[in-house]
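# compute the structure for the input listed below.
(2 chains)
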Amino acid sequence: MSQAAVRPRAGLFWLLRPKIRTKLNRARTDEGRLFKGFLLGFVGLFFWALIFGVIFRMLLYFRGTQGIGDLLAAKLLGLAFLTFLMILVLSNVITALSTFFLSEDLEFVVAAPVEAETVYAARLIETIVDSSWMVALLAIPLLLAYGAVYAASPLYYLLALATVVPFLIIPAVLGSAGTLLLVNVFPARRTRDLLALIGLFAAAGVVTLFRFLRPERLMSPEEFSSLVDFVAVLRTPTSAWLPSEWAADALMSFLSGRFEWFPFVFLWSTALMTLVVGGWLHRRYFDAGFTRAQEGAERKEGRARSRILDRVFARSEPASRVMLGKEIRVFFRDTTQWSQLVLLGVLVAVYVYNITVLPLYTGEQVSFLLINAVSFLNLGLAGFVVAAIAARFVFPAMSIEGRMMWLMRSSPVDVRKLFWTKYKVGTVPLLLVAVPLIVGTNIVLEATPFILILTSITMVGITFALTSLALGFGALYPNYDTENVAEIPTSFGGLLFMMAAVSYLAGVVILEAWPVYLYLNGRFQGGEAVVSVVPLLMGVSGAAILTALATWLPLRAGIRRVQSLDF
Amino acid sequence: MRTDTMDEQTDGAGPDATTTETPPAGGAVTDTPPTGSAPAEDPVLAPPVVDEGDTTPMLQLEDVKKSYGGFHAVKGLSLSVKRGEIFGFLGPNGAGKTTTIRMVAGVLRPSSGRVVVGGDDLLASPEKAKSRVGYIPDRPYLYDKLSGGEFLRFVAGLWGREGDAVEQRADRLLELFHLTPWKDELIESYSHGMRQKILISSALIHQPELIVVDEPMVGLDPRSARLLKDLFRTFAGHGGTVFLSTHTLEVAEALCDRIAIINQGQIIAFGTMEELRAQSESGGADLEDIFLKVTGGEAMSDIVESLREAIER
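Down below sits the predicted model:
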């Protein structure tokens, strides 16, 4: 036997090492790490405390409900795990496509003399970490709240950890196996488009279903025709065949003092079994799938020159025209980008639905002041919806130019023009969402014409400012290297943008709501004569100035940043 | 003197504008050249006409420096490139070639010093200076979701060019590089070589005066590599200037009028082949010998020898 054949092969840790080192090196060389760490820690703790607080209050309320308290708590845990499971399967399918088939380092790994099972284990761990970290973080306050309400022993927390691990493994194995099979049928690049679509429609379906099921009804048993119906609903498992139910059963049985081994063992044995099957599938089909994934040079059907776009922008000068045309073409040809419109539609639909089911018109007539107060709350919330959309579509706008910045920078086009193009392309669609949204919800709320006009005009200003904030923060905190556009808004810069957007929205709502309340109250009580418009004018002017600043400053900062960057 | 067809288009020409070509002094008008070759009179390869009395250098670098934190990638480069010249920029890996090329293309800002293109300072009047330059980077990053034809029109638009002249230039460039059947396909389905060809076409689509190119031969098949060499010669023959960095020393030796060899951010040898031979006291040596000598690469032969001995053991 030659000497080369007896050399030890690279193990699991060796394969994971480059990823771990990359993350550590990135953190070590990041100059703003202290600030980022502090801010992320602060925001993280805030959300943990918030989730913990809400769940804790709900569980306390449940426990106070004689007889059905534990059933309600178990149902809630089952629903939470079910939601986690759906999110995990979807996100694993999409993540596995990158980690198993599209990563740039796969060339080295596949060429190296490493056992297929080791590659599988390393890539699976990477998939689990990349796809499940957010769910794992969300699970912590949830499970802590259960432990706190039930005054659980330390053993509960160990059990929770031991339950979450197989719960994360199962969807990761299923997701990557699904990807493996899909890649063997379609080329990987097409599979990504396909998965992006399937994933989004499924996610949209889950959100819609969950919202229209109105889970808050569990809090108000009076809506069920009889207590028997209500208890019957609670006793039905979400699905006895899903790992989410086993995880919830294992934990709830422990908390209520009658620990059932069966669901826990079932969860682990299923996880181990899926690992064995997953490993086998990997050995059997990975090579064929990886080969197919390399066959990217699939010819698309020919496309003639799009003259419609050219005609639409006929009046602008050539550089602006081609940039606008390019933005629109690239957006609608990239499934990972346009498919997010589905989520946008769901978000808006759920929001409008929530407004229509507000219990404002139940029972006796509420005062018009309350309606107007709700209208301002609506302005803030609708602004938040617009901010979320801007985070998805406008925030990544500069980042996606990263690899093409060589062309922009070497062309005689000023960076400002690129910015303005991106700004126009972002603002117009956002206005088309924001204005109908605010007008529609105001009509549903039966707001006065005065409020309707004021909030609509404010919303136009808000949209201009939010687009600028998203574009500016996107340029200040860019991610020029990512292949996945959907990843960009979840970055640190995305978080900062959302914080800035929320602060700005709060500022506008506060500046306008109080003087408007005084004005309306004056009119309501004393008629036109005693009404002072001064506070109203001051408030509206303040909001206008804030909006102008929120529009101008981020654009200026973003432009300066891009101008000063080396690409 | 040639008729400047692209400039006519820039000023709002419509369908009447045609690509008429008057050859430079001594040249002759030819018919449409055969596909895939770059004949000396192909109008698509000509820069805009300039005043023949204009002696302004096409490119001037004045004490250009570039630092990344504490690392000095380029340590004060000064050189001047004449119009109609093919200038080669050579150096070992990490010598500062790509950094220099990117500064000349306007992608990177120098830490200090001046880059002047056709008399216009790249920092003071970036738009004017950049409008003269066509840049071909070493890595062909392109918009995957645009077709080849759309990408060429997009680049032309960025340089303010549009209309039928652009269409004609695009068609001719695609034809030259055998990309016509692929012009309506999305770039994501192109091979590496096809991307490189689209990139080269995009640098020519707006009729530059200066082509700045980093490693031009990477990913090209022998026929396309030959085409590119012919293309550069034709472009320079029409008065265009080429500033190229390459590791392919034969290309530099065959193409370049003058060569600068850079090492550790500084020029260590400069001039025509004859002048380089004289500087390195290399007698009748070829560029490879000169390169190895001035960059200290002679030690390579020792390494190769040691390696051979190790293998034999």
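
# pull the contacting residues for whichever residue of chain A sits closest to chain B.
Going by Cβ to the nearest Cβ, chain B is nearest to residue A:322 of chain A, at 2.9 Å. Where you see a C-beta, it was placed from the backbone N, CA and C, and this is true even at glycine. For residue A:322, the contacting residues are B:153-154, B:156-158, B:162, by Cβ atoms under 8 Å, 6 or more residues apart in numbering or on different chains.

# packing partners for the helix or strand containing residue B:194?
Using DSSP states H and E, residue B:194 falls within helix B:192-204. In terms of contacts (3 or more Cβ pairs under 8 Å, 6 or more residues apart in numbering or on different chains; DSSP states H and E), helix B:192-204 is packed against strand B:133-136, helix B:148-158, helix B:164-176, strand B:210-214, helix B:222-237.

# hmm, back to that, and the contacts of residue A:322, which is closest to residue A:453?
Among the contacts of residue A:322, residue B:157 lies closest to residue A:453 (Cβ to Cβ), at 40.6 Å.

# low-scoring stretches of the stretch 101-250 of chain A, by residue?
Applying pLDDT under 70 to the stretch 101-250 of chain A flags residues A:187-192, A:208-238.

# wait, I meant the stretch 401-550 of chain A
Residues of the stretch 401-550 of chain A that meet the cut-off, pLDDT under 70, sit at A:483-484, A:524, A:526-531.

# for chain B, what are the nearby residues on it?
Residues of the stretch 401-550 of chain A lying close to chain B by Cβ under 8 Å from any Cβ of the partner chain are A:403-414.

# and those, which of them are in helices?
A:405-410 (DSSP state H).

# need those in a markdown table (columns: neighbour count).
As requested, these are exported to a markdown table (neighbours: other Cβ atoms under 10 Å in any protein chain shown):
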| residue | neighbour count |
| --- | --- |
| A:405 | 20 |
| A:406 | 23 |
| A:407 | 23 |
| A:408 | 18 |
| A:409 | 25 |
| A:410 | 24 |
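
# farthest-apart pair in those, please.
Among these, the pair separated by the greatest distance (Cβ to Cβ) is A:405 and A:410, which sit 9.2 Å apart.

# joint contacts of these two?
residue B:107.

# where do the strands sit along the stretch 51-200 of chain B?
Using DSSP state E, counting those that start in this stretch, the strands of the stretch 51-200 of chain B run over B:59-68, B:71-81, B:86-90, B:112-117, B:120-121, B:133-136.

# and residue A:443, which of these is closest to it?
Closest to residue A:443 of the strands of the stretch 51-200 of chain B, according to Cβ to Cβ: strand B:133-136, at 54.1 Å.

# residues touching the closest one, excluding its own?
A:406-407, A:410, B:104-107, B:117, B:199-200, B:202-204, B:206, B:208-214, B:216.

# separation between residue A:162 and residue A:168?
According to Cβ to Cβ, to the nearest Å, residue A:162 stands 12 Å off from residue A:168.

# again, but for residue B:246
51 Å.

# would you check how far apart the residue nearest to the spatial centre of chain A and residue A:470 are?
For chain A, the residue nearest the mean C-alpha position is residue A:490 (7.3 Å; Cα atoms, centre = their mean). For residue A:490, the distance to residue A:470 equals 14 Å [Cβ to Cβ].

# now do residue A:495
In terms of Cβ to Cβ, residue A:495 sits 13 Å off from residue A:470.

# neighbour count for those two, which is higher?
Shown here are residue A:495 and residue A:470; by other Cβ atoms under 10 Å in any protein chain shown, residue A:470 has more neighbours (34 against 19).

# which elements pack onto the one helix or strand residue A:374 maps to?
Following DSSP H and E, one finds residue A:374 within helix A:368-393. Helix A:368-393 sits against helix A:340-356, helix A:415-444, helix A:449-476, helix A:492-526, with contacts defined as 3+ Cβ pairs under 8 Å, 6+ apart.

# the third one packs against which elements?
This means helix A:449-476. Secondary-structure packing of helix A:449-476 (3+ Cβ pairs under 8 Å, 6+ apart): helix A:368-393, helix A:415-444, helix A:492-526, helix A:534-564.

# between helix B:148-158 and the second one, find me the angle.
What separates the directions of helix A:415-444 and helix B:148-158 is an angle of 110 degrees, with axes from the mean of the first three to the mean of the last three Cα atoms, to 10 degrees.

# and helix A:415-444, what's buried?
By 16 or more other Cβ atoms under 10 Å in any protein chain shown, the buried positions in helix A:415-444 come out as A:415, A:417-423, A:425-427, A:429-431, A:433-435, A:437-442.

# could you do stretch A:495-508 as well?
A:495-498, A:500-501, A:504-505, A:507-508.

# returning to what we had before: avg pLDDT for the helix holding residue A:374?
Throughout helix A:368-393, pLDDT has a mean value of 84.

# by how many degrees do that helix and helix A:449-476 diverge?
If you take the same axes, to 10 degrees, helix A:368-393 sits at 20 degrees to helix A:449-476.

# close to chain A: what parts of the stretch 51-200 of chain B are there?
Residues of the stretch 51-200 of chain B that fall close to chain A, judged by Cβ under 8 Å from any Cβ: B:68, B:102, B:105-109, B:126-128, B:130-131, B:133, B:135, B:137, B:141-143, B:145-147, B:149-150, B:153-162, B:184-186, B:188-191.

# now the buried members of those.
Neighbour-count burial (16+ other Cβ under 10 Å) applied to these gives B:102, B:105-109, B:126, B:130-131, B:133, B:135, B:137, B:142-143, B:145-147, B:149-150, B:153-162, B:184-186, B:188-190.

# can the helix or strand where residue A:19 lies be said to contact chain B?
According to DSSP H and E, residue A:19 maps onto helix A:12-29. No - using Cβ under 8 Å from any Cβ, helix A:12-29 stays clear of chain B, with a minimum separation of 10.6 Å.

# tell me the helix or strand right after that helix.
Following helix A:12-29 toward the C-terminus (DSSP H and E): helix A:33-64.

# identify each buried residue in whichever strand or helix holds residue A:172, please.
Taking DSSP H and E as the definition, residue A:172 sits inside helix A:154-185. Neighbour-count burial for helix A:154-185, counted by 16+ other Cβ under 10 Å, picks out A:156, A:159-160, A:163-164, A:166-180, A:182-184.
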